[in-house]
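have a look; sequence and predicted model below, questions after that.
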Amino acid sequence: MINKQLLPIEHIREIAEETFEVVLHSEISAELKPGQFVHIALHGHMLRRPVSVADVDANAKTFTIIFKIFGEGTRALSQYQQGDNLDVLLPCGSYYPVESLSLDHALLVGGGIGVPPLYYLGKTLQEKGVHVTSVLGFQSKSQVFYEKQFQQLGDTYIATNDGSYGTQGFVTDIIQQLDEPIDYYFTCGPTPMLKAVTNQLQDENGYISLEERMGCGVGTCYACVVPLRQNPKESKKICKDGPVFSANEVMLQ
Amino acid sequence: MINKQLLPIEHIREIAEETFEVVLHSEISAELKPGQFVHIALHGHMLRRPVSVADVDANAKTFTIIFKIFGEGTRALSQYQQGDNLDVLLPCGSYYPVESLSLDHALLVGGGIGVPPLYYLGKTLQEKGVHVTSVLGFQSKSQVFYEKQFQQLGDTYIATNDGSYGTQGFVTDIIQQLDEPIDYYFTCGPTPMLKAVTNQLQDENGYISLEERMGCGVGTCYACVVPLRQNPKESKKICKDGPVFSANEVMLQ
Amino acid sequence: MNTTVNIPGLSLKNPVMPASGCFGFGKEYSQFYDLSKLGAIIVKAATGETRYGNTTPRVAETSSGMLNAIGLQNPGVERIVAEELPFLRTYETSVIANVAGSTVEEYVKVANGLNHSVDISALELNISCPNVKEGGVQFGTDPELAKEVTYKVKEVSRYPVYVKLSPNVSDITTMAKAVVDGGADGLSMINTLTGMQMNLKQRKPIIANQTGGLSGPAIKPIAIRMIYQVRQMMDVPIIGMGGIVTSEDVLEFLLAGANAVAVGTANFQNPFACPEIIEQLPKTLHQYGFSSVEDAIGKGHVT
Amino acid sequence: MNTTVNIPGLSLKNPVMPASGCFGFGKEYSQFYDLSKLGAIIVKAATGETRYGNTTPRVAETSSGMLNAIGLQNPGVERIVAEELPFLRTYETSVIANVAGSTVEEYVKVANGLNHSVDISALELNISCPNVKEGGVQFGTDPELAKEVTYKVKEVSRYPVYVKLSPNVSDITTMAKAVVDGGADGLSMINTLTGMQMNLKQRKPIIANQTGGLSGPAIKPIAIRMIYQVRQMMDVPIIGMGGIVTSEDVLEFLLAGANAVAVGTANFQNPFACPEIIEQLPKTLHQYGFSSVEDAIGKGHVT
Ligand SMILES: Cc1cc2nc3c(=O)[nH]c(=O)nc-3n(C[C@H](O)[C@H](O)[C@H](O)COP(=O)(O)OP(=O)(O)OC[C@H]3O[C@@H](n4cnc5c(N)ncnc54)[C@H](O)[C@@H]3O)c2cc1C
Ligand SMILES: Cc1cc2nc3c(=O)[nH]c(=O)nc-3n(C[C@H](O)[C@H](O)[C@H](O)COP(=O)(O)OP(=O)(O)OC[C@H]3O[C@@H](n4cnc5c(N)ncnc54)[C@H](O)[C@@H]3O)c2cc1C
Ligand SMILES: Cc1cc2nc3c(=O)[nH]c(=O)nc-3n(C[C@H](O)[C@H](O)[C@H](O)COP(=O)(O)O)c2cc1C
Ligand SMILES: Cc1cc2nc3c(=O)[nH]c(=O)nc-3n(C[C@H](O)[C@H](O)[C@H](O)COP(=O)(O)O)c2cc1C
Ligand code: FES
Ligand code: FES
């Protein structure tokens, strides 16, 4: 069941260049699962903005989102302040099936604004005793965030496109050099990255998380469909059946 | 010359039912003349809102506006807070020609949101040593504002439509009973009131102030015209040639 | 406050219904509130066969509006009748099926298919969907074609037919007259205006289909004008839509001449848009001096 | 950054000009900034004789837009040539005169009158003003009439003629083709969409004329779509307009195929709209990887 709630901002701060971390208070924070998103209304904007759940603090009844300024909506969101209320639909979409998987070693592969949901996933996996390795890609040093947090979860490798931090290049360059076997990989980021990663790891089991422009965000409008790999005449809705899919389920366009 | 300025709100408070007094700081406050208006931009609204200058404090470099919630724009304006900035065009329009008139006794006749500009006018007249009588009309007691301030200027009579305060009836009912001769009257308010007042006082010299929906507010778009009494094929612009006209200049529609 | 409205096939407890394509077949929004609150529900378009629709991106945001080019994705009339419509049976509200197609034959096929459903009360004939390459838009801008498809559907359908007009025309009254001549029981207006938005970074239209249909408050003045013009000319039942967000908007449509209204894009911004409007409507009507919904219909006309 | 644009009769230092009817004859805005900053100025419509225009209210506000029904109030072509245009002589910018009328003869009369002015560089033929009862709108929606009036004006005018198209049509390309066939040197698009807003308290349309022209950001997607469609079909110079507020909007119009742009409603919100856009434009072009204005024109077309 999806709820519409008016949630007070407990905390908002810039954690990297044009990248903001927002902590929201909700009675149902604990219901949010890794991979799910929340759908945020903004004054003066017709459509809501989908943003992934980056962390949950069940005791404090809060959850965290991390977003980067991309256009007008995220710019407006960055100007909200502590105490302001956000009109949010939650929880939205599917999640990484952490409960039903049996695994020892997980590889998290995130790029840019695909990194946030992996943090909450990693934390959840760690709590289950899973060994976590993280490979995170950013454009450049100024954009890197949550490195320390990921390091708490396990080995963490950073790649930057311009080489200003960590390895120069793409997440795939790092993955290539990893030699430990993995049971599952989980990846989220821009589509070209998802393509490269799922290609590179085609022999592994994995889950991907997709992005698409959304209308309703709840599954009625067919704005956010993605064709099935087996039968491209059939499709799934990213807002309802996704954003998390098993790596071979859908066609990356 | 009209300026566009970003003016901090020094002060905003509700002075009667859905009626707000706002004090704005501007370096050019002293240039504002009685009868002129300022043209206020509001986030999310295409058109600016014209609001009369209700008072000026030349020393403090501030001026006051008083407005009533009428629709969405004025409702939005009522939610601004001290310290917020307002994007304002000023000074706009014509003014009561106080400097060039020679008079001993002035009658001010205001109705509802037509009352504010008369206060600044009355103060200016008083400073010139003019004897001021004010007749103010409101819908009901809860809407009355600035009675004390007007009393400082001279005799002040209040009429309310429902009789909940002052005389029951219209400003014209009160004017009928005034017996002191006047040199000039100055009136501002809803058009039916202006018609009634100018009719009643047709033998007196007077000035009226008009309202009309505006586009530009500076005289380019021809949204706010009013036909001339002498020649209804010709017109004046309320935003530029007005809002103040001599009582017989234009046709009240 | 009496908010009931009676128009062909529809005895509505209130005049507010979600618009086609903005509410799916009701399931998703049923998790937010009891669909029985709704005056009616206009469900997503049905075509003769399954349609996949256009490639993504299918939506874009504009000032006070949005563009969409879903491309009539739907499982086809047969599956809709069998799998989707029965769900709505449990709610005390009327269902209007939205009929689309690329050819007159396809429209007739869909109407025939819908004759098998007991879950609907009327058809909305979508002759105006601008997002289908083959034919879709001609029906909506050519009065002769519009009349013909209306006539052919009326011939076979056991349900009243509301024809949904496209605003992308020089003269809406010509279109209205044509479909009424074709036998339409009512009109539904307006559908979206064809628009486009550029992706500055990618140097191409944001919507993969290039053009999309503009909806939302941006188009409300056009909807009000067209409904007013049609109502001025004739006394046909009109379901009005285009940019409705508040109960004041509903009153504006009633004054212009709509008998009932549909709410589309606003559902995306606020899933509770319809029930909130329905709750507010009696207060709004009262505030502006109306004693019922019927009392307000067409009252904005200057005589 | 090279922001110059050359189109018939106009060598513009930048592609940004105020739109007709939103800038009067320049005087009022000259108190805000130096008009020489402008690429050009399109002045208020001229008709054969003095026109008083419609009764008030003439404007209303809508979501991200406004309605206007000024009704072509203007002092007539003769006085415009004698009393208004000379003021603009002192500024280093081009002036485009906007020509309106109710009959072909009146258009021709205005064009003839403007031949006496040395202060203008081109005409904008307003065949689309929806606010004049007699005829105004037919010219804009009937391709034959549009072609004829274009042809007749071209016959007499010593200035290049840009024909301003109405968006209130089913197919904008037909209209574009007609006026180009009639001899138009360029197009100007779009004018306003016909709309209406109700005054709920007074139970009648807010605008005294009932309908008004919808402008502002609300209509931008329609403008972009129409310019794109016309540019897709032919290589005629286009002055684009409809909802421009920022330099990003200008780039969007350029990508869609406009050679230059006009800014209307935005002037009312911000008197400095034009100079601010002009100042931002080079940065915006650079940011999106363009080396000049010319470089961006039509680059949003998918091939
Ligand atoms: C399931 C999901 C989870 C996401 N999680 C995050 C996150 O955790 N952090 C983060 O920074 N971003 C995330 N995004 C991307 C984020 O939604 C967009 O950056 C944001 O919508 C852009 O809005 P804007 O107003 O700034 O941009 P504009 O370009 O002004 O937006 C215009 C319209 O396009 C849509 N849009 C533009 N880009 C995207 C996009 N990439 N995905 C979906 N819609 C888009 C907007 O929602 C809006 O409707 C996520 C997207 C999805 C689909
Ligand atoms: C010269 C002048 C001076 C004014 N001085 C004052 C004042 O001191 N105090 C005060 O409370 N009001 C004053 N008004 C009226 C005030 O401008 C309107 O109440 C206000 O614009 C309504 O805006 P809204 O958004 O609340 O209403 P909406 O109805 O939502 O506004 C929609 C549009 O209509 C316009 N509009 C609606 N009513 C009026 C009106 N009566 N006059 C002009 N435009 C209108 C709005 O500006 C806006 O463009 C003055 C008007 C004028 C012309
Ligand atoms: C995403 C989306 C999908 C739509 N799909 C349909 C459809 O399938 N059939 C139809 O007749 N209209 C469809 N419409 C048009 C709406 O029913 C409605 O006519 C239009 O959006 C105007 O109303 P609004 O401004 O309230 O959205 C769709 C609109 C949107 C936004
Ligand atoms: C108040 C007003 C008056 C207008 N007068 C004219 C006019 O006289 N002649 C004309 O061709 N267009 C006129 N227009 C249309 C504009 O020039 C422009 O085409 C339209 O407003 C779209 O641009 P915008 O959205 O930037 O305003 C007028 C528009 C407005 C808002
Ligand atoms: S956004 Fe509407 S179905 Fe996914
Ligand atoms: S509001 Fe534009 S001329 Fe007065």
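Received the coordinates, thanks. Numbers count the residues shown, from 1 in each chain, chains lettered A, B, ... in the order given. Ligands and ions are numbered 1, 2, ... in the order given.

now do the strands in the stretch 51-200 of chain A.
Taking DSSP state E, counting those that start in this stretch, the strands of the stretch 51-200 of chain A run over residues A:55-57, A:62-68, A:85-92, A:105-111, A:131-138, A:156-160, A:167-168, A:184-188.

neighbours of the residue in the stretch 101-250 of chain C positioned nearest to ligand 3, how many?
Here the stretch 101-250 of chain C gets closest to ligand 3 at one residue, residue C:215, 3.2 Å apart by CB to the nearest ligand atom. Where C-beta positions appear, they are placed from N, C-alpha and C, glycine not excepted. Neighbourhood size, residue C:215 [other CB atoms under 10 Å in any protein chain shown]: 30.

do I have it right that it meets residue C:66?
Yes: counting by CB atoms under 8 Å, residue C:215 touches residue C:66, with 6.0 Å between them.

wait, does stretch C:253-273 contact chain A?
Yes: Stretch C:253-273 reaches chain A (CB under 8 Å from any CB of the partner chain) through C:265, C:267, C:268, C:269, C:270, C:271, C:272.

how far does that stretch sit from its chain's centre?
10 Å (CA atoms, centre = their mean, to the nearest Å).

buried ones in that stretch?
For stretch C:253-273, the buried set under the neighbour-count rule, 16 or more other CB atoms under 10 Å in any protein chain shown, comprises C:253-271, C:273.

narrow these to those in strands?
Among the buried residues of stretch C:253-273, the members falling in strands (DSSP state E) are C:260, C:261, C:262, C:263.

ok, and the closest non-adjacent residue to the residue of chain C found nearest ligand 3?
Going by CB to the nearest ligand atom, ligand 3 is nearest to residue C:21 of chain C, at 1.8 Å. Ranked by CB to CB, 6 or more residues apart in numbering or on different chains and with sequence neighbours excluded, the top spatial neighbour of residue C:21 is residue C:44, at 5.4 Å.

determine which two of the ones in strands among the buried residues of stretch C:253-273 are furthest apart.
Across these, the longest distance by CB to CB is 10.9 Å; it joins C:260 and C:263.

spell out which residues are contacts of both of these two.
C:16, C:17 (CB atoms under 8 Å, 6 or more residues apart in numbering or on different chains).

sec struct for the residue of chain C closest to ligand 3, please.
Following DSSP: H, G, I helix; E, B strand; the rest coil, we place residue C:21 in the coil state.

ok, it - contacts?
Taking CB under 8 Å, 6+ apart, we find residue C:21 in contact with A:221, C:44, C:45, C:68, C:70, C:98, C:264.

adding pLDDT, secondary structure and distance to residue C:36, write those residues out as JSON lines.
Formatted as JSON lines, these follow (pLDDT from 0 to 100; DSSP: H, G, I helix; E, B strand; the rest coil; distance: CB to CB, whole Å):
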{"residue": "A:221", "pLDDT": "96", "secondary structure": "coil", "distance to residue C:36": "22"}
{"residue": "C:44", "pLDDT": "96", "secondary structure": "strand", "distance to residue C:36": "20"}
{"residue": "C:45", "pLDDT": "95", "secondary structure": "strand", "distance to residue C:36": "24"}
{"residue": "C:68", "pLDDT": "97", "secondary structure": "strand", "distance to residue C:36": "28"}
{"residue": "C:70", "pLDDT": "94", "secondary structure": "coil", "distance to residue C:36": "27"}
{"residue": "C:98", "pLDDT": "97", "secondary structure": "strand", "distance to residue C:36": "21"}
{"residue": "C:264", "pLDDT": "98", "secondary structure": "coil", "distance to residue C:36": "20"}
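
just the closest of those to ligand 4, please.
Distances from ligand 4 to these, taken by CB to the nearest ligand atom, are shortest for residue C:68, at 22.4 Å.

who are the contact partners of that closest one?
Residues near residue C:68 by CB under 8 Å, 6+ apart: A:215, A:221, A:223, C:21, C:58, C:59, C:131, C:192, C:207, C:212, C:213, C:215.

check residue C:2 too.
Counting by CB under 8 Å, 6+ apart, residue C:2 has contacts C:291, C:292, C:293, C:294.

among those, who's most crowded?
Neighbour counts for the contacts of residue C:2 (other CB under 10 Å) peak at residue C:293, which has 26 neighbours.

angles on the backbone of it, please.
phi -70, psi -50 (degrees, to the nearest 10).

can you lay out the ones in strands among the buried residues of stretch C:253-273 as TSV showing distance to residue D:80 and pLDDT?
As requested, those are exported to TSV (distance: CB to CB, whole Å; pLDDT from 0 to 100):
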residue	distance to residue D:80	pLDDT
C:260	49	98
C:261	45	98
C:262	47	98
C:263	47	98
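
could I get these as a markdown table with distance to residue A:42?
Formatted as a markdown table, these follow (distance: CB to CB, whole Å):
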| residue | distance to residue A:42 |
| --- | --- |
| C:260 | 31 |
| C:261 | 26 |
| C:262 | 25 |
| C:263 | 20 |
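
tell me the secondary structure at the most far-flung residue of chain C relative to its centre.
In chain C, residue C:201 marks the outermost C-alpha relative to the chain mean, sitting 34.0 Å out by CA atoms, centre = their mean. What three-state DSSP gives for residue C:201 is coil.

secondary structure element for the closest residue in space to residue A:22 that isn't next to it in sequence?
Distance criterion CB to CB, 6+ apart; nearest residue to residue A:22, sequence neighbours excluded, is residue A:12 at 4.8 Å. Element membership for residue A:12, per DSSP states H and E: strand A:3-16.

may I see the buried residues of that strand?
A:3, A:5, A:7, A:9, A:10, A:12, A:16.

okay, now the unreliable bits of the chain?
Went with chain A since none was named. The model of chain A has no residue with pLDDT under 70.

you looked at the wrong chain, it should be chain C
C:129-137.

for it, which residues are neighbours of chain A?
Neighbours of chain A within chain C, by CB under 8 Å from any CB: C:21-24, C:27-29, C:31-32, C:44, C:50, C:52-53, C:55-62, C:64-66, C:68, C:70, C:73, C:206, C:216-217, C:265, C:267-272.

quick one, which of the residues you listed are buried?
Buried residues within the residues of chain C next to chain A, defined by neighbour count using 16+ other CB under 10 Å: C:21-24, C:28-29, C:32, C:44, C:52-53, C:56-62, C:64-66, C:68, C:70, C:73, C:206, C:216-217, C:265, C:267-271.

can you narrow those to ones near ligand 1?
Filtering those for neighbours of ligand 1 using CB under 6 Å from any ligand atom leaves residue C:61.

returning to that earlier point: residues contacting the residue of the stretch 101-250 of chain C closest to ligand 3?
By CB under 8 Å, 6+ apart, the residues touching residue C:215 are C:65, C:66, C:67, C:68, C:192, C:242, C:243, C:264, C:265.

next one: residue A:97
Residues near residue A:97 by CB under 8 Å, 6+ apart: A:207, A:244.

any idea how far ligand 1 is from it?
17 Å (CB to the nearest ligand atom, to the nearest Å).
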